[in-house]
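>>> predicted model follows, preceded by the sequence.
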2 protein chains.
Amino acid sequence: MYLVNIILFEGFETLDVFGPVEIFGHFADVFQLKFLSLSGGLINSTQGVKVETEIWSPTDVLRNNVNQVKAQIPEILFIPGGQGTRREVENPNFIMHLISAHNKAAYTLSVCTGSALLARAGILDGHSATTNKRAFNWVVSQSSKTNWIREARWVEDGQLFTSSGVSAGMDMTLGFIAHLLGEEAAIGCSMRIEYHWQSDSTKDQFAQLYND
Amino acid sequence: MYLVNIILFEGFETLDVFGPVEIFGHFADVFQLKFLSLSGGLINSTQGVKVETEIWSPTDVLRNNVNQVKAQIPEILFIPGGQGTRREVENPNFIMHLISAHNKAAYTLSVCTGSALLARAGILDGHSATTNKRAFNWVVSQSSKTNWIREARWVEDGQLFTSSGVSAGMDMTLGFIAHLLGEEAAIGCSMRIEYHWQSDSTKDQFAQLYND
């Protein structure tokens, strides 16, 4: 069992979150999903969805750190992208929370411009990563110590998974399921949700379109 | 400008709603999105997302009917599927609301087993429609007066659009965008969200998999 901490902020991109949530949700015996935000309460996506969240509190972070010696449920940190990332990269409180949460996570996943937040927090330093193609240059500017992959549906580097724009988050999450539970589990899920999984992480038809 | 009334109920399927919402949301000057439920307040998806909704009240339905002679913002009725449909087909109050909302809508769209609700309400009588492939026989049992299409990514019949399971809702919504705003608008949106649009509504690789 893994606890998936899904971090929301005002102006997150709807599908960045709920594509992957659909997939995680199909493995209810493996993943427990938690929606967190700095403020708690209702958080608005750019597309106007109001989602209820619990408070992502530093107290929780500290308490969890103290308890880390105990056999704890392993955590997965999930960071979406969206317009709100432009604000949160400048928010030291958000970045501080991100670093703490990453430090205790077994895996950290981001979709789209979510990797800008990870980059600003230094989490991607010395690692390979990708991001949304339209915002590529802006995201890259958040860390010069990251090996940014321009053409990839998603990039897997140890405990880090980063995806291209919006819809690519679903392909990455199925890739993550394949990594964790085997390819058959990922294919089975894609069938159940009637999804055409782009299972080759290196194929990226959109990289060419936004080649600036 | 269209008002899209997105109807939620306990146990709706996450991606059925938020895939299409992502797409509608990219045309903020064309679509205003409203999340409605019988109770109002927070509604849970099967995957554990809590979404804030306004009350889908009969009063609103009546008031809108009275005002229908005025130049009103045209409405689109959007019905997702999910486990909760098994309960709502047996809920006369839900079905009554559905009929009223459909009667004043310019278009009615459903994803996955959402078509079971439309079928039970008689909305699909004399029309062609499709649905989720795993629940096909159950959905078909809701109306013998519907021309159920077994192999289709989605079916367009006049003002009615119905899709296959879960992910097919995104392809249908892009098809609906193409119908309403032209194919270029739909392709442009699919590019922006880096989505591989299955633009041929008659191609359905999943129909064969669940051929029972």
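Received the coordinates, thanks. Numbering: from 1, shown residues only, chains lettered A, B, ... in the order given.

>>> and the next helix or strand past whichever strand or helix holds A:Val17?
Per DSSP states H and E: A:Val17 is located in helix A:14-25. Using DSSP H and E, the helix or strand that follows helix A:14-25 in sequence is strand A:31-37.

>>> average pLDDT for that following strand?
Average pLDDT, strand A:31-37: 97.

>>> who does the helix or strand following that strand touch, helix- and strand-wise?
Using DSSP H and E, the helix or strand that follows strand A:31-37 in sequence is strand A:41-44. The helices and strands touching strand A:41-44, judged by 3 or more CB pairs under 8 Å, 6 or more residues apart in numbering or on different chains; DSSP states H and E, are strand A:50-55. The C-beta positions use only the backbone N, C-alpha and C, and glycine is treated the same way.

>>> quick one: low-confidence parts of chain A?
Counting by pLDDT under 70, chain A contains low-confidence residues at A:58-71, A:211-212.

>>> CA-only coordinates of stretch A:44-59 in PDB, if you can.
This file holds the C-alpha atoms of stretch A:44-59, laid out as PDB (Å, rounded to 0.1, in the frame of the first residue of the first chain):
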ATOM      1  CA  ASN A  44      -9.900  25.800  -8.000                       C
ATOM      2  CA  SER A  45      -8.500  24.300 -11.100                       C
ATOM      3  CA  THR A  46      -7.900  26.600 -14.100                       C
ATOM      4  CA  GLN A  47     -11.000  25.000 -15.700                       C
ATOM      5  CA  GLY A  48     -13.200  25.900 -12.700                       C
ATOM      6  CA  VAL A  49     -13.400  22.600 -10.800                       C
ATOM      7  CA  LYS A  50     -13.500  23.100  -7.000                       C
ATOM      8  CA  VAL A  51     -11.900  20.300  -5.200                       C
ATOM      9  CA  GLU A  52     -11.900  19.700  -1.500                       C
ATOM     10  CA  THR A  53      -8.400  19.300   0.100                       C
ATOM     11  CA  GLU A  54      -6.800  18.700   3.500                       C
ATOM     12  CA  ILE A  55      -4.200  21.000   4.900                       C
ATOM     13  CA  TRP A  56      -0.600  20.200   3.700                       C
ATOM     14  CA  SER A  57       0.800  21.300   7.000                       C
ATOM     15  CA  PRO A  58       4.400  21.600   8.100                       C
ATOM     16  CA  THR A  59       3.300  20.000  11.400                       C
END
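
>>> which other residues reach it?
Contacts to stretch A:44-59, defined as CB atoms under 8 Å, 6 or more residues apart in numbering or on different chains, come from residues A:5, A:7-8, A:10-14, A:17, A:34-43, A:82-84, A:96-97, A:100-101, B:18, B:21-22, B:24-26, B:33, B:35, B:42, B:49-52.

>>> tell me which residues of it come out buried.
The neighbour-count criterion (16 or more other CB atoms under 10 Å in any protein chain shown) identifies A:44-49, A:51-53, A:56 as the buried residues of stretch A:44-59.

>>> same question for stretch A:129-141.
Residues A:129-136, A:139-140 are the ones in stretch A:129-141 that count as buried (16+ other CB under 10 Å).

>>> so how far is it off the chain centroid?
How far stretch A:129-141 lies from its chain's middle: 14 Å, per CA atoms, centre = their mean, to the nearest Å.

>>> and that stretch, does that touch chain B?
Yes: Stretch A:129-141 lies within reach of chain B by CB under 8 Å from any CB of the partner chain, at A:132-134.

>>> give me the subset of the residues you listed that lies in strands.
Nothing among the residues of stretch A:129-141 next to chain B maps onto strands, per DSSP state E.

>>> pick the one among these closest to A:Gly182.
Closest approach between these and A:Gly182, by CB to CB: A:Asn132, at 28.8 Å.

>>> these two touch, right, the closest one and A:Thr113?
Yes: if you go by CB atoms under 8 Å, A:Asn132 and A:Thr113 touch, sitting 5.1 Å apart.

>>> identify the contacts common to those two.
What both A:Asn132 and A:Thr113 touch, as defined by CB under 8 Å, 6+ apart, is the set A:81, A:139.

>>> my guess is A:Gly170 is in a helix, correct?
Small correction: residue A:170 is Met, not Gly. Yes: counting by DSSP: H, G, I helix; E, B strand; the rest coil, A:Met170 is part of a helix.

>>> pretty sure A:Glu194 contacts B:Ala207?
No: under the criterion of CB under 8 Å, A:Glu194 is not in contact with B:Ala207, lying 9.5 Å apart.

>>> still on that earlier bit, any of the contacts of stretch A:44-59 buried? List them.
Buried among those (16+ other CB under 10 Å): A:5, A:7-8, A:10-14, A:17, A:34-38, A:42-43, A:82, A:84, A:97, A:100-101, B:18, B:21-22, B:24-26, B:33, B:35, B:42, B:49, B:51-52.

>>> for the closest residue to A:Thr113 other than its chain neighbours, give its distance to chain B.
Excluding the flanking residues, the one nearest A:Thr113 by CB to CB, 6 or more residues apart in numbering or on different chains is A:Gly81, at 3.4 Å. Distance, A:Gly81 to chain B, using CB to the nearest CB, to the nearest Å: 11 Å.

>>> and A:Gly81, how many neighbours?
A:Gly81: 29 surrounding residues under other CB atoms under 10 Å in any protein chain shown.

>>> residues contacting it?
A:12-13, A:16, A:110-116, A:131-132, A:135, A:165-166.

>>> helix or strand for it, which one?
According to DSSP H and E, A:Gly81 maps onto no helix or strand at all.

>>> distance of it from A:Trp138?
From A:Gly81 across to A:Trp138, the span is 11 Å (CB to CB, to the nearest Å).

>>> near chain B, which residues of chain A?
A:13-15, A:17-19, A:21-22, A:24-26, A:33, A:35, A:42, A:45-52, A:132-134, A:164-168, A:191-196, A:198, A:205-206, A:209.
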